[in-house]
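Enquirer: predicted model follows, preceded by the sequence.
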Amino acid sequence: MLMMLEGFNTISPQQWRQQIQFELVGEDYNKSLLWEFCGINLKPFYTEEDMPIRPIQYLEHQNNISKTELDCCITSYAINGKWNISQKTDLQTLKGHLTPDTLLNIDMGVYESAGANMLQQLAYAMAIADEYIRFCGKKIVKYLQFKFNSSEHYFFELAKLQAIQNLWGMLLQEHQIPYCSVNIHTQTNLSQDVSSNDVQYYIRQIIAQVPTQAIKGAFYIEAITRQFTDKSSDIYKLIKTNGGFIRQLQKGTIQKKIKKDQEKKASIKPNIRKTEIIPIIPVLKTFKQLDSKTLSGLEVSTYTKEEHINLKGHSAGFPPFLRGISTTMYTRNLWELKKESDFDNMILIADDSFDIEKLLSRGLNEVKTLLEKGLTIEQSTERLVFSIKLNANHFEELAKLRAMRVLWAKLIKELNPKQHKAMAMKIHAEILGEGINKMLNTLTAIFGGVQTINTDKEINTYLLENTDIHKIIDPYGGSIFIEHKVLEIIRDNYKKIV
């Protein structure tokens, strides 16, 4: 833990809960902030205590989009209700067509279109793979490719992609097959030039390219990944116990399970809009396919060599004012759409290049000037708004937003404020770029915890109504890469400022 961060006591999950309850002003915590998605129980904040007992295995995966793709005869049977010739003949024929230049598609988009939820899709993917291993032999695993449609549910999509890798490792272990990387491909149906779906296209393309290393250690993502893995594994085991996927199709059990889930969804008033599925780039390990200025060749592997770090010395373990003005953050106090010109009665501290040293030095000078005029520290800091422009590296700027809060709190703490709220920052973000870059920069601002944003209304509305990202406080808290990066930025800037 850095010496400069001493004096800030960590906050326990119980204290977080108490503070949230206080800010709800009489509303019921369970009814207001606990929610469910796809059978996964969720809450508004996650800490180190929510980390899975068994660590998430971030296994290697690859995409072989240049290879010839063969249709899954089991899925064809599921669609048509009959085999082309017979089960045995169809499987043998398919096996004979496999070459080093081919992949056998296990397309979960078919089951999603039928109504299967994420947990069912994960389980069915493994159950179908299990059928191929049993009928065609262990060597078939190197030919299998799992295809998934991508949705707008940002963090659930990330968890789904991690869960399929965990399940793959478990399947190989079950059949005593040496580990080999899993082929994963994300897909959609419409073309990118469908203008009404541009926003949906952007969010799906971003999700598909989030580097695995960047989310490693994030409390929220690892918690839901473990739930996805465990619950879908239970479904898979039930299918196996009852004769396997093909047998369950023949009996109509798979169809009934999907229909039952559809009926459950229909009975719940939807809180998201149904949108068309649109095509995106396959899963990549980096963001390099996006605009280079936006992501500037992000390299995260340098920061993920440690398997575990003590987060009590990192910003994820700090009190609420270091993560945002409100403990409940966006769950109760959403960001607002504003422009710089809307802050008439505030002192705007702006820097086009997002230079932390310049921003905080100017902010500190403004506070000292106001103190000389007779204002208290609390009155002085209340009048400040720090305005930044976002148009560069997504994870780098996300870390800068977190680091800036910690640095500001440290600087103001040295002035001996009477109230903690004096150490909080109001941050405004001007979102630059066009198209997917504007969407990515908007996500940077939201995940970084800004209070006001100047972005397209269409993007803002879509994110609020479709993605659920506002229901979680600090979703990247605990990410090894981001937490290390935060400390690095603090270390580089503190001495310069003081």
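Expert: Okay, I see it. Numbers count the residues shown, from 1 in each chain.
Enquirer: which pLDDT value goes with residue 341?
Expert: As predicted, residue 341 sits at a pLDDT of 89.
Enquirer: and it, how close does it get to residue 440?
Expert: Look at residue 341 and residue 440: by C-beta to C-beta, to the nearest Å, they are 25 Å apart. Placement of C-beta: from N, CA and C, glycine included.
Enquirer: higher neighbour count, these two?
Expert: Set side by side, residue 341 and residue 440 give different neighbour counts by other C-beta atoms under 10 Å, the larger being at residue 440 (24 against 8).
Enquirer: specify the local secondary structure of the more buried one.
Expert: For residue 440, the reduced secondary structure class is helix; criterion used: DSSP: H, G, I helix; E, B strand; the rest coil.
Enquirer: correct me, but it touches residue 393?
Expert: No. Between residue 440 and residue 393 there is no contact, the gap being 10.0 Å when judged by C-beta atoms under 8 Å.
Enquirer: now do the contacts for residue 361.
Expert: Listed by C-beta atoms under 8 Å, 6 or more residues apart in numbering, the contact set of residue 361 reads residue 497.
Enquirer: now name the helix or strand holding it.
Expert: Assigned by DSSP states H and E, residue 361 belongs to helix 356-372.
Enquirer: any chance you could list what contacts the helix or strand just after that helix?
Expert: Along the chain past helix 356-372, the next helix or strand (assigned with DSSP H and E) turns out to be helix 377-382. Surrounding helix 377-382, the residues in contact under the criterion C-beta under 8 Å, 6+ apart are 366-367, 370-371, 412, 415-419, 421-424.
Enquirer: export the helix or strand hosting residue 234 as CSV, just CAs?
Expert: With elements delineated by DSSP H and E, residue 234 resides in helix 219-241, which encompasses its position. Presented in CSV, the C-alpha positions along helix 219-241 are these (Å, rounded to 0.1, in the frame of the first residue of the first chain):
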residue,chain,number,x,y,z
PHE,A,219,-15.4,-8.7,-8.1
TYR,A,220,-18.7,-8.3,-10.0
ILE,A,221,-17.7,-10.1,-13.2
GLU,A,222,-16.0,-13.0,-11.4
ALA,A,223,-19.0,-13.4,-9.1
ILE,A,224,-21.5,-13.7,-12.0
THR,A,225,-19.1,-15.8,-14.0
ARG,A,226,-19.0,-18.3,-11.2
GLN,A,227,-22.8,-18.3,-10.9
PHE,A,228,-23.1,-18.8,-14.7
THR,A,229,-20.6,-21.6,-14.6
ASP,A,230,-22.1,-23.4,-11.6
LYS,A,231,-25.8,-23.1,-12.7
SER,A,232,-25.2,-24.1,-16.3
SER,A,233,-23.0,-27.0,-15.1
ASP,A,234,-26.0,-28.2,-13.0
ILE,A,235,-28.2,-28.1,-16.1
TYR,A,236,-25.6,-30.0,-18.1
LYS,A,237,-25.3,-32.7,-15.4
LEU,A,238,-29.1,-33.1,-15.3
ILE,A,239,-29.1,-33.6,-19.1
LYS,A,240,-26.3,-36.2,-18.8
THR,A,241,-28.1,-38.1,-16.0
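Enquirer: same for it, what does it pack against?
Expert: With contacts defined as 3 or more C-beta pairs under 8 Å, 6 or more residues apart in numbering; DSSP states H and E, the secondary structure elements packing on helix 219-241 are strand 40-42, helix 118-136, helix 154-174.
Enquirer: low-confidence stretches in the protein?
Expert: In the prediction, the chain carries residues with pLDDT under 70 at positions 1-11, 52-66, 188-197, 265-333.
Enquirer: follow-up on the earlier one: give me the buried positions along the helix holding residue 234.
Expert: For helix 219-241, burial by neighbour count (16 or more other C-beta atoms under 10 Å) applies to 219-229, 231-233, 235-236, 239-240.
Enquirer: then stretch 148-157?
Expert: For stretch 148-157, the buried set under the neighbour-count rule, 16+ other C-beta under 10 Å, comprises 148, 149, 150, 151, 152, 153, 154, 155, 156, 157.
Enquirer: the residue nearest the centre of the chain: what's it in contact with?
Expert: Geometric centre of the chain, nearest residue: residue 155, 3.1 Å, by C-alpha atoms, centre = their mean. If a contact means C-beta under 8 Å, 6+ apart, then residue 155 has 220, 221, 224, 468, 469, 472, 475 as its contacts.
Enquirer: let's see 10 Å
Expert: The contact partners of residue 155, taken as C-beta atoms under 10 Å, 6 or more residues apart in numbering, are 37, 42, 207, 210, 215, 218, 220-221, 224-225, 467-469, 471-472, 475-476.
Enquirer: distance of it from residue 85?
Expert: Between residue 155 and residue 85 the distance, using C-beta to C-beta, works out to 44 Å.
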